[in-house]
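Student: Sequence and predicted structure below; questions after.
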Amino acid sequence: MGWAVSDSAARIIIADDHPLFRGALRQALAGVVAGATIVEAGSFDEMCAALGADVSADLVLLDLAIPGVQGFSGLMYLRAQHPDIPVVIVSANDDPSVIRRCIDFGAAGFIPKALDAEEMRTAIRTVLAGDHWTPADIDLSAPVDRETSELVKRLASLTPQQVRVLMMLSEGLLNKQIAYELSVSEATVKAHVSAILQKLGVESRTQAVIAAARIAAAGQVPTPSAA
């Protein structure tokens, strides 16, 4: 796949807001890449800062529900901004449709958080060797409905900045607020919005948000019941 790296030279970013799980991933990595440099991030912004400081990262382990993203937007941004860096999703949501969607958006692998340490090591070792990895008991061959598949392709065509703008539109921000957050002009934001509408094949901001929400809904981790 073009991303195989030497273990001793590997630079890996763990992006997850749960310190205990970051520790579990760090332990798993120690059994695979003993000489690796490991950077931890607890939010989407921290992850972006880590990548900005070291764009030579060889692997990102990304929690699908890390603070600062909705649904698959974090993965979409990473694949658009850093297409040469493999991304492995780690998530408590191991629904086959979610795993399939992650692979469709360019993930190199998917690690359910319930996986034991040895299987995590196998997954990481496989991806670092340049291959994809998903749980063996997950069937990804089931056909996806054509409309959803087309929407995934359209979303995957967005540039990194367009992904960020769409994320902010989904949060209800106005153009001037988005411009402030991204340190660009309102005219630039309007141009991004127009490009987003064209790429998604919709006519309004509301329709773009609905389209993104439709895909994002599949990536939500179910909230445990009180029972």
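Tutor: Noted; the coordinates are in hand.

Student: So in terms of bridging, what pairs with residue 41?
Tutor: residue 15 (DSSP bridges).

Student: Do I have it right that it meets residue 15?
Tutor: Yes - assessed by C-beta atoms under 8 Å, residue 41 is found in contact with residue 15 at 4.5 Å. For the C-beta atoms, the positions are set from N, CA and C on the backbone; glycine is no exception.

Student: what residues are shared contacts of these two?
Tutor: Shared contacts of residue 41 and residue 15, defined by C-beta atoms under 8 Å, 6 or more residues apart in numbering, are found at 47, 50, 66.

Student: Out of the residues you listed, give me the one that has the most neighbours.
Tutor: Neighbour counts for those (other C-beta atoms under 10 Å) peak at residue 47, which has 27 neighbours.

Student: by contact count, what packs against the helix or strand it falls within?
Tutor: Secondary structure from DSSP states H and E places residue 47 in helix 44-53. Secondary-structure packing of helix 44-53 (3 or more C-beta pairs under 8 Å, 6 or more residues apart in numbering; DSSP states H and E): strand 11-15, strand 37-41, strand 59-63, helix 73-81.

Student: What strands line up against the third one, and which way round?
Tutor: What that stands for is strand 59-63. strand 11-15 (parallel), strand 87-91 (parallel).

Student: Show the contacting residues for the spatially most central residue of the chain.
Tutor: Using C-alpha atoms, centre = their mean, the residue of the chain that lies closest to the mean C-alpha position is residue 75, 1.8 Å off. Residue 75 sits next to 62, 64, 87, 89, 102, 105-107 when contact means C-beta under 8 Å, 6+ apart.

Student: again, only this time at 10 Å
Tutor: Residue 75 is in contact with 60, 62, 64, 69, 87, 89, 101-102, 104-107, 156, 163, 219, counting by C-beta atoms under 10 Å, 6 or more residues apart in numbering.

Student: circling back to that earlier point, ok, residues contacting the helix holding residue 47?
Tutor: Here helix 44-53 makes contact (C-beta under 10 Å, 6+ apart) with 11, 13-17, 39-41, 43, 57, 60, 62-63, 66-69, 73-74, 77-78, 81-82, 85, 160, 164, 167.

Student: starting at the chain centroid, how far to the top helix by length along the chain?
Tutor: Secondary structure of the chain read by DSSP state H shows that its longest helix is helix 186-200. When C-alpha coordinates are averaged (C-alpha atoms, centre = their mean, to the nearest Å), helix 186-200 and its chain have centres 22 Å apart.

Student: For that helix, buried residues please.
Tutor: Neighbour counts over helix 186-200 (16 or more other C-beta atoms under 10 Å) mark 188-189, 192-193, 195-197, 199-200 as buried.
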